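> Based on what follows, work out the 3D shape:
(4 chains)
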There are 2 protein chains.
Amino acid sequence: MLKLPDMECCACGNLRKTTRVITQFYDRHLQPTGLRTTQCVLLRNISLHRNIAVGELAAMLLMDQSTVTRNIEILNKHGYIKIVPENQDARKKSISITMNGEKKLEEAIPLWEEAQRKIEQVLGKQFDGFLETLATINKISE
Amino acid sequence: MLKLPDMECCACGNLRKTTRVITQFYDRHLQPTGLRTTQCVLLRNISLHRNIAVGELAAMLLMDQSTVTRNIEILNKHGYIKIVPENQDARKKSISITMNGEKKLEEAIPLWEEAQRKIEQVLGKQFDGFLETLATINKISE
DNA sequence: ATTTATTATATGTATATACATATAATAAAT
DNA sequence: ATTTATTATATGTATATACATATAATAAAT
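Numbers count the residues shown, from 1 in each chain, chains lettered A, B, ... in the order given. The predicted structure follows:
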């Protein structure tokens, strides 16, 4: 048996682990709204960019195009967004938030703020550097 | 329309985003082995703790018990681990790595090290603090 | 010893994720 | 104008994830 590293320091393993923890934390806060954090973030991005396309959301969230397609189906099913073919280019979808979607966001945001506040408090002055490090890692996708 | 935060600073959203990026990065490195990073980390933990139970792995990885059950099925299907009922307590499973599993790990670890080395290089002196911050966040699950 | 409570894992269900490939539409080349 | 290439999204497939609940086994209470 060779001596292998224990992988305790695995950047990917540790990121995945913490993502599991924090997702449960945020999702529990959002639970009264029925929105998951992923859906809330996606919906907020749609609300900020009217008539956005699937690929644009994918680029913004560093998410595969097919994942965006699947995830917006859920928001659409609940009537939070409207998906229509774009005028100029019929290959593209034009995605917009609906009235219901805005109401749901307004309901979710204060709960999100509560979770966010608690995390920022726990991290204290580590928080800004943390977001910067995440952004540094994101660059490997370029 | 009320003024809502843009959620750019969402700790959960940013962690999920970076986890998508880094998982693709590590998984591409491991691709020749057919192992995903999650599987590799899980397998390494099993190899380090013979006759471990589902719940013990879950506690270690901060992963739901049901997720561990599902994830070890995949390793089992490939013959990398052996799952038998425990002697003392038949409710528990006794999970161990197989010869094939060890061979697969020995094949995967150098590729993992390559990915890990690149990330550590990109982060430089930020790396240690980064792991510490992740550990700080993990405490919210206690 | 029998009933009751607890614990460990499994199963049903829904979402999140990406890759490979298909399809449909536009753009480029001739 | 027609063919060819490119681009945008969708679909098939596999994995990763958690919650609620079921099941089976052990432990505790009587």
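> for chain A, which helix is longest?
If you go by DSSP state H, chain A has its longest helix at helix A:99-123.
> Can you pull the phi/psi pair for A:Ile97?
Main-chain torsions, A:Ile97, degrees, to the nearest 10: phi -80, psi 150.
> ok, now A:Met63?
phi -120, psi 150.
> With A:Gly79 instead?
The phi/psi pair for A:Gly79 (degrees, to the nearest 10) is phi 80, psi 20.
> just the one 5 residues further on next, same as before
As for A:Val84, its main-chain torsions (degrees, to the nearest 10) stand at phi -130, psi 160.
> show me what contacts the residue nearest to it when sequence neighbours are not counted?
Among residues not flanking A:Val84 along the chain, A:Ser94 sits closest, at 5.2 Å (CB to CB, 6 or more residues apart in numbering or on different chains). Quick note: C-beta positions are derived from backbone N, CA and C, even for glycine. A:Ser94 makes contacts with A:Asn51, A:Ile52, A:Ala53, A:Ile83, A:Val84, A:Pro85, A:Glu86, A:Asn87, as judged by CB atoms under 8 Å, 6 or more residues apart in numbering or on different chains.
> same deal with A:Ala135?
A:Ala135 sits in contact with no residue, where contact means CB under 8 Å, 6+ apart.
> how about whatever helix or strand it lives in: buried residues?
A:Ala135 belongs to helix A:126-138 when assigned by DSSP states H and E. Buried residues in helix A:126-138, counting neighbours by 16 or more other CB atoms under 10 Å in any protein chain shown, are found at A:Gln126, A:Phe127, A:Phe130, A:Leu131, A:Thr133, A:Leu134, A:Thr136, A:Ile137, A:Asn138.
> where does the residue nearest to A:Val84 land on pLDDT?
Looking at A:Ser94, its pLDDT stands at 97.
> likewise the one 5 residues further on?
At A:Met99, the pLDDT value in this model is 96.
> Look up how far A:Gly79 lies from it.
Remark: distance between A:Met99 and A:Gly79 (CB to CB, to the nearest Å) = 9 Å.
> List the buried residues of the longest helix of chain A.
So for helix A:99-123, counting by 16+ other CB under 10 Å, buried means A:Gly101, A:Glu102, A:Lys104, A:Leu105, A:Ala108, A:Ile109, A:Leu111, A:Trp112, A:Ala115, A:Gln116, A:Ile119, A:Leu123.
> do that helix and DNA strand C meet?
No. Remark: helix A:99-123 sits outside contact range of DNA strand C, by CB under 7 Å from any atom of the strand, the gap being at least 12.4 Å.
> now the helix or strand containing A:Gly13, how far from the chain's geometric center?
Assigned by DSSP H and E, A:Gly13 falls within helix A:11-30. Relative to the centre of its chain, helix A:11-30 is centred 12 Å away, using CA atoms, centre = their mean, to the nearest Å.
> Just the buried positions in that helix, please.
Neighbour-count burial for helix A:11-30, with 16+ other CB under 10 Å as criterion, is recorded at A:11-27, A:29-30.
> residues contacting A:Gly55?
A:Gly55 neighbours (CB under 8 Å, 6+ apart): A:Gln65, A:Val68, A:Lys92.
> A:Leu42 touches A:Arg70, doesn't it?
No. Assessed by CB atoms under 8 Å, A:Leu42 is found out of contact with A:Arg70, at 11.0 Å.
> Could you export the helix holding A:Ala135 as PDB, CA atoms only?
Below are the C-alpha coordinates for helix A:126-138, written out as PDB (Å, rounded to 0.1, in the frame of the first residue of the first chain):
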ATOM      1  CA  GLN A 126     -12.700  37.800   6.900                       C
ATOM      2  CA  PHE A 127     -15.800  38.300   4.700                       C
ATOM      3  CA  ASP A 128     -14.400  40.600   2.000                       C
ATOM      4  CA  GLY A 129     -11.300  38.600   1.500                       C
ATOM      5  CA  PHE A 130     -13.400  35.500   1.300                       C
ATOM      6  CA  LEU A 131     -15.400  36.900  -1.700                       C
ATOM      7  CA  GLU A 132     -12.200  38.000  -3.300                       C
ATOM      8  CA  THR A 133     -10.700  34.600  -3.000                       C
ATOM      9  CA  LEU A 134     -13.800  33.100  -4.600                       C
ATOM     10  CA  ALA A 135     -13.500  35.500  -7.400                       C
ATOM     11  CA  THR A 136      -9.800  34.600  -7.900                       C
ATOM     12  CA  ILE A 137     -10.800  30.900  -8.200                       C
ATOM     13  CA  ASN A 138     -13.500  31.800 -10.700                       C
END
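> Understood, closing this out.
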